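Asks: Here is my input, please return the structure:
(2 chains)
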2 protein chains.
Amino acid sequence: MAVTTVTEEPAYPPTDRTVPTRLRDRARYDRALVHALLDEGYLCHLGYLRDGAPVVLPTLYARRGERLYLHGSTGSRPLRGAAAGPDGEEDGLPVCVTVTHVDGLVLAKSAFHHSVNYRSVMVHGVARRVTDPEEHLAALSALVDHVIPGRAADCRPAAPREAAATAVLALDLREVSAKVRGGGPNEEPEDVSLPYWSGVVPVSVVHGPFLPADGPQPDGPAPDYLTARARP
Amino acid sequence: MAVTTVTEEPAYPPTDRTVPTRLRDRARYDRALVHALLDEGYLCHLGYLRDGAPVVLPTLYARRGERLYLHGSTGSRPLRGAAAGPDGEEDGLPVCVTVTHVDGLVLAKSAFHHSVNYRSVMVHGVARRVTDPEEHLAALSALVDHVIPGRAADCRPAAPREAAATAVLALDLREVSAKVRGGGPNEEPEDVSLPYWSGVVPVSVVHGPFLPADGPQPDGPAPDYLTARARP
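Replies: You can find the predicted model right below:
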C-alpha cells in the first residue's frame, strides 16, 4: 500500500495579479518568508469594495497556518458585506490584505533614486465569515496572541455574548506575494561624486516601556509575554 | 466694492462614507488634525480597483495644501489606470488612501476589550494624473521633502527623462475623515479586579542612526535635515 503524503509547495504559485509589471526582482513567493513577514506584524490594511468604490481599512489580523483571520463588530461594513447571502449561501467578500514593514529611508545623490527599504505581503482572495463555533473561538484567541504571544491564556476569555458580537473573517493564503527592497541607494555612475550625503536612515518600530493601567494589578513581576514583547 | 474672502471650513464635511456605522466617537473631521496626521507619516496604503477587485498598495505620498500627491513609474498599474482615456479626457482612478499611525497596544483584563491605540486618516476620491509640468516638478520635490524635510534642495533634481518616467497622481482632500483611539483599556466593571495585567504597550517609530553609503561623501558634519529626521 502506498503511503500518501500531502506536501505543500515551498512557494505560492504566481498569478496574473501577483506578478508585478515592473521591478519584478523585488517580488517573492517563498512561503516561509511570507509567514515570517505576516508573523512580524499585526496591523494590515484591508481593501474591499463599498458601492463599487475601494475602501482601505486598518485592522488587526492573525495567521494560523495558511489562513488569515480578521475581526470586527458584526455591525461593521466589511463584516456585513461578507455575511451569508439571501439564499443562505456564504457570498464572501473580495479583498486585498496588505502588510507592510518599513525598514529604511534610502537617500540617493539624485532625487530620482530616492527610495524606501520595505518588506510587504499582499494577499488577494475572497474572505468568508467563520461560522464554525470552534474555529471562531480559536480565531479570537489567535487575534490576541498574534499581537502579544501568550496573552490569550492570561486574560478573561470572551463570554458567549462577546464572541457573538465579534465577527471573524477567514482568508486563505493562496494568491500571495511578498515584495522586498533592501540595501543602499542605486546611483547613476555620473552621480557618485556629487557633494550630497547618501545612505540609509533605518526605520524601526519600538514597543514599550509598558504602562500599567490604574486600578488593581496582580502581584509580582510583569508577565513574561509582556517583557518579551516590549522593552521594560 | 465688497471684498471677497475665500474661507476654508475648519472641518471636512462628513459624507455617507466618512461617517462610521459604529464607534462614531472616534471619527474626526478637523482639518488641522488631518493635516498633522498626514504630515507625520509618509507611507500610505493606496486602494484601487483592478479588474473589479480591490488592490492595496503601500506607497509614499506628500501633501501640499489640500492635495495629496502619489507617484510611480508611468508603467505601473494604478498610474496607467489613471491615464487619459481614449477621448483625451482624464478619466481618473477611484481610490481610497489610508494613513495609519499605531500608538499602542491596549491590554484589557478581558480578551474582548483588547484594543489598539491609533490615529488614521482615510481619503476617498478620484485621483488624476498631473499633467501641468510645473505642478509635476513641484510634486516630485514635495515627495522627497515629505519624507525628509529639506532634502529636495540638497540632491540632484530630476533630469527631464527621469521626471518623464515618473507619473504623479493628485488627490484632493475633500472627502476625508480621521479616526483616533487613545488612552487605557475599557473594562467591564466586574473585570476590574481580575488577576491579569492591564495597561498599554506604547508603540513608536524610530528613525536612525543613519548609515552613510560607501563611496564619496561631502566633507563636514551630516546635514541638518538628516539629524533632524533621525537620531544620530
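Asks: What's opposite A:Ser73 in the beta bridge?
Replies: A:Thr166 (DSSP bridges).
Asks: Confirm for me that it is in contact with A:Leu79.
Replies: Yes: in terms of CB atoms under 8 Å, A:Ser73 counts as a neighbour of A:Leu79; the distance is 6.8 Å. The C-beta positions use only the backbone N, C-alpha and C, and glycine is treated the same way.
Asks: Neighbour count: the two, which is higher?
Replies: Using other CB atoms under 10 Å in any protein chain shown, the more surrounded residue of A:Ser73 and A:Leu79 is A:Leu79, with 20 against 14.
Asks: okay, now the nearest residue to the more buried one once chain neighbours are set aside: neighbour count?
Replies: Using CB to CB, 6 or more residues apart in numbering or on different chains and skipping the chain neighbours, the partner closest in space to A:Leu79 is A:Ala167 (4.1 Å). Residues within reach of A:Ala167, counting by other CB under 10 Å, total 21.
Asks: Now do A:Ala167 against A:Ala127, distance only.
Replies: Distance, A:Ala167 to A:Ala127, by CB to CB, to the nearest Å: 11 Å.
Asks: Surely the residue nearest to A:Leu79 and A:Arg77 touch.
Replies: No: checked against CB under 8 Å, the pair A:Ala167 and A:Arg77 is beyond contact range at 11.2 Å.
Asks: picking that back up, per-residue pLDDT, the residue nearest to A:Leu79?
Replies: For A:Ala167, the model assigns a pLDDT of 94.
Asks: Report the separation between it and chain B.
Replies: Distance of A:Ala167 to chain B, computed by CB to the nearest CB, to the nearest Å: 12 Å.
Asks: same check, this time on A:Val123
Replies: Applying CB to the nearest CB to A:Val123 and chain B gives a distance of 10 Å.
Asks: ok, now which ones touch that residue?
Replies: Counting by CB atoms under 8 Å, 6 or more residues apart in numbering or on different chains, A:Val123 makes contact with A:68, A:95-98, A:171, A:173, A:175-176.
Asks: what's the answer for A:Pro10, then?
Replies: Per CB under 8 Å, 6+ apart, neighbours of A:Pro10: A:30-32.
Asks: next SSE after the helix-or-strand element of chain A with minimal mean pLDDT?
Replies: One helix or strand of chain A scores below all others by mean pLDDT, DSSP states H and E: helix A:77-81, with a mean of 72. On the C-terminal side of helix A:77-81, the closest following helix or strand by DSSP states H and E is strand A:93-107.
Asks: chain center to the very next helix or strand once past that next one, what's the gap?
Replies: Going down the chain from strand A:93-107, the next helix or strand is strand A:115-129, by DSSP H and E. When C-alpha coordinates are averaged (CA atoms, centre = their mean, to the nearest Å), strand A:115-129 and its chain have centres 7 Å apart.
Asks: Any part of the helix or strand following strand A:115-129 near chain B?
Replies: Counting by DSSP H and E, the next helix or strand C-terminal to strand A:115-129 is helix A:133-147. Yes: residues of helix A:133-147 contacting chain B under CB under 8 Å from any CB of the partner chain: A:140-141, A:144, A:147.
Asks: Quickly name whichever of these is closest to A:Met122.
Replies: A:Val147 (21.1 Å; CB to CB).
Asks: need the contact list for the closest residue to that closest one other than its chain neighbours.
Replies: Once flanking residues are discounted, A:Val147 sits nearest to A:Tyr42: 4.6 Å by CB to CB, 6+ apart. The contact partners of A:Tyr42, taken as CB under 8 Å, 6+ apart, are A:60-62, A:146-147.
Asks: can you rerun that using 10 Å?
Replies: Residues in contact with A:Tyr42 (CB atoms under 10 Å, 6 or more residues apart in numbering or on different chains) are A:59-63, A:99, A:143, A:146-148, B:102, B:105, B:116, B:203.
Asks: cool, A:Ser141 as well?
Replies: Contacts of A:Ser141 by CB under 10 Å, 6+ apart are A:62, A:64, A:151-153, A:155, A:157-158, B:111.
Asks: Kindly report the same for A:Arg22.
Replies: A:Arg22 neighbours (CB under 10 Å, 6+ apart): B:72-77.
Asks: Tell me the buried residues within those.
Replies: B:72, B:76-77 (16 or more other CB atoms under 10 Å in any protein chain shown).
Asks: Columns distance to A:Asp214 on top of those, output as a markdown table?
Replies: Compiled in a markdown table, these are given as follows (distance: CB to CB, whole Å):
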| residue | distance to A:Asp214 |
| --- | --- |
| B:Gly72 | 48 |
| B:Ser76 | 50 |
| B:Arg77 | 50 |
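Asks: could those go into a markdown table alongside distance to chain A?
Replies: Listed next are the buried ones among the contacts of A:Arg22 as a markdown table, based on distance: CB to the nearest CB, whole Å:
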| residue | distance to chain A |
| --- | --- |
| B:Gly72 | 9 |
| B:Ser76 | 6 |
| B:Arg77 | 6 |
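Asks: which one of the residues you listed sits closest to B:Ala228?
Replies: Looking across the buried ones among the contacts of A:Arg22 and measuring by CB to CB, the closest to B:Ala228 is B:Gly72, at 27.5 Å.
Asks: quick one: that closest one and B:Leu60 touch, right?
Replies: Yes: using CB atoms under 10 Å, B:Gly72 is in contact with B:Leu60, at 9.3 Å.
Asks: joint contacts of the two?
Replies: By CB under 10 Å, 6+ apart, B:Gly72 and B:Leu60 have these common neighbours: B:Leu46.
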